[in-house]
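Visitor: Model the structure of this input:
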Amino acid sequence: MEHLSSWKQTIELALAARDVDGDHDMSAAHAAFESFLEALESGECRAASPDASGHWHVARDVKQLILYGFRLGRLVESHSHDAHFCDKHNLWPAQQSLATRGIRIVPGGTAVRRGAFLGAGVTIMAPAYVNIGAYIGRGTMIDSHVTVGSCAQVGENCHISAAAQLGGVLEPVGALPVIVEDTAFIGGNSGVYEGTHIHRGAVIATGTIITRATPIYDLVNETVIRPIDGVLHVPENAVVVPGSRAVDTPFARQNGLSLYAPIIVKYRDDKTAASVVLESILR
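Guide: The predicted structure is shown next:
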């Protein structure tokens, strides 16, 4: 995006000047950061995005600008009849135009932080939390007690079930954030962390934890999936369930020990699709 370098330069110069002179005028930097937040919220810029071939790329400047925002912000407190919190003044919950895009945020404690994008028709049950830099595609359901971390990228028509956790990965700026592609289903009480890439149509069963430090065992193809360039890829349409694998040492065998292991038990078929279909009546 053409404005990114200009915003970044304006903020960097202001922060450097403030480090020398604590009374430096920061108004231009605040205006630049506000424009950047609006670009994130409109979907005009993203922390990561795919190219024409489907390969994802990190937008380092976007992540760097988000980090600069924390340095720019002042701690302020909010007091209301039902909440008391303290946060940076420039990163308070978003005030986006929601009704015109058919977005539903159900009452009951949900917060969408400034700089998060919500696509048309997104539904967020309460309570849930969506952090800065996150991108949620059109028609996706975010169920209750879900957290979507900084810079996490969620595609269209996904279902993120109750109490699921999507990590973000804001730092380091060059690291690919968590990616969940279109029509994926993330089961309740599951967790996707550390730059994991969930490909289109994959189903992550209830209670499954996926990180790049944990290999995935594919029973269908009899292979072990490990990270590539620091990113763990869950294949398209894979159905992943929590499992275990034996530890092959004398002590472990003697005590019947095993380690947690996510396992691909099948690839999505008509029966799977029927069990995870998004109910349009709820939209």
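
Visitor: Could you pull up the contacting residues of the residue nearest to residue 236 when sequence neighbours are not counted?
Guide: Excluding the flanking residues, the one nearest residue 236 by CB to CB, 6 or more residues apart in numbering is residue 199, at 4.2 Å. (Each C-beta comes from the backbone N, C-alpha and C, glycine too.) Neighbouring residues of residue 199 by CB atoms under 8 Å, 6 or more residues apart in numbering: 181, 184, 233, 234, 235, 236, 237, 238.

Visitor: Check residue 214 too.
Guide: 232, 260, 261, 262.

Visitor: 6 Å instead, please
Guide: Residues near residue 214 by CB atoms under 6 Å, 6 or more residues apart in numbering: none.

Visitor: Residue 172 now?
Guide: Counting by CB under 6 Å, 6+ apart, residue 172 touches no other residue.

Visitor: And the pLDDT at it?
Guide: At residue 172, the model reports a pLDDT of 88.

Visitor: Residue 254: which element?
Guide: Using DSSP states H and E, residue 254 sits in helix 250-255.

Visitor: can you list the residues that contact the following helix or strand past that helix?
Guide: Next along the chain after helix 250-255, taking DSSP H and E as the criterion, comes strand 258-267. By CB under 6 Å, 6+ apart, the surrounding residues in contact with strand 258-267 are 208, 210, 216-219, 237-241, 243-247.

Visitor: for the stretch 51-200 of the chain, which spans come out with low pLDDT?
Guide: Along the stretch 51-200 of the chain, segments meeting pLDDT under 70 span 79-83, 95-97.

Visitor: And the helices in it?
Guide: For the stretch 51-200 of the chain, the helices defined by DSSP state H, counting those that start in this stretch cover 60-72.

Visitor: Look up phi and psi at the closest residue to residue 132 other than its chain neighbours.
Guide: Nearest in space to residue 132, with sequence neighbours left out and distances taken as CB to CB, 6+ apart, is residue 115 at 3.9 Å. The phi/psi pair for residue 115 (degrees, to the nearest 10) reads phi 90, psi 10.

Visitor: show me what contacts residue 115?
Guide: Listed by CB under 6 Å, 6+ apart, the contact partners of residue 115 are 37, 40, 132, 133.
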